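> Pasting the sequence and the predicted coordinates here, then a few questions.
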Amino acid sequence: MIVLKDILLVGAGSFLGGIARYLIALGMKGFSASFPWATMTANIAGCLLIGILWATFNRNNPSSQLNLFLTAGFCGGFTTFSTFSKESLSLLQTGNYTAFCLYAVGSVVLGILAVALGFVMAK
């Protein structure tokens, strides 16, 4: 059952994660115009953080509201790449190699194609 309190927790975490990502972009502005360092930094930092949180909450209380706030909320607002990476690793850990390949390759290739399609459609 969907609980309004959980939705608000995810929303609040996402709000803070989005701000954190924006602050990284501001802090790295002018670092390099030829490579998206700020995006890569946020994606890698988000992956590290969600890995730490995942292990911590699996060991303690995987259904806690803090888990929702930090993983779905903060990490989700900071970077969806962290969730993609965690889910990919989870598929590998369970030996679901076919699903991993479909998910990883499909997400990247179809994501890029969708951006290109959206760009063309809006032109």
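The structure has been received and is ready for your questions. What you see is a predicted model, and the numbers here were worked out from it, not measured in a lab.

> which residues of this protein fall in helices?
4-27, 37-59, 65-67, 76-78, 80-93, 97-122 (DSSP state H).

> So for the fifth one, what gets flagged as buried?
What it means is helix 80-93. 81-88, 91 (16 or more other C-beta atoms under 10 Å). Just so you know, the C-beta spots here come from the backbone N, C-alpha and C atoms, and that holds for glycine as well.

> from those, which is closest to residue 17?
Using C-beta to C-beta, residue 82 comes nearest to residue 17 of these, at 9.5 Å.

> With mean pLDDT as added columns, please give the helices of the chain in a markdown table.
Formatted as a markdown table, the helices of the chain follow (pLDDT from 0 to 100):
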| stretch | mean pLDDT |
| --- | --- |
| helix 4-27 | 95 |
| helix 37-59 | 90 |
| helix 65-67 | 92 |
| helix 76-78 | 93 |
| helix 80-93 | 89 |
| helix 97-122 | 91 |
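
> so which of the ones you listed is the most packed in?
Most buried of the helices of the chain, by mean neighbour count (mean count of other C-beta atoms under 10 Å): helix 76-78, with a mean of 22.

> now for that helix, which elements pack on it?
If contacts are counted by 3 or more C-beta pairs under 8 Å, 6 or more residues apart in numbering; DSSP states H and E, helix 76-78 sits against helix 4-27, helix 37-59.

> which phi and psi does residue 64 have?
Per-residue torsions, residue 64: phi -70, psi 160 (degrees, to the nearest 10).

> err, residue 94, not the other one
Here is the backbone geometry of residue 94 (degrees, to the nearest 10): phi -90, psi 0.

> Find the centremost residue of this protein, please.
Against the mean C-alpha coordinate of the chain, by C-alpha atoms, centre = their mean, the closest residue is residue 80 at 2.2 Å.

> any idea how far that one lies from residue 50?
10 Å (C-beta to C-beta, to the nearest Å).

> same deal with residue 73?
Counting by C-beta to C-beta, the gap between residue 73 and residue 50 amounts to 11 Å.

> same deal with residue 66?
Here the criterion is C-beta to C-beta. By it, residue 66 lies 14 Å from residue 50.
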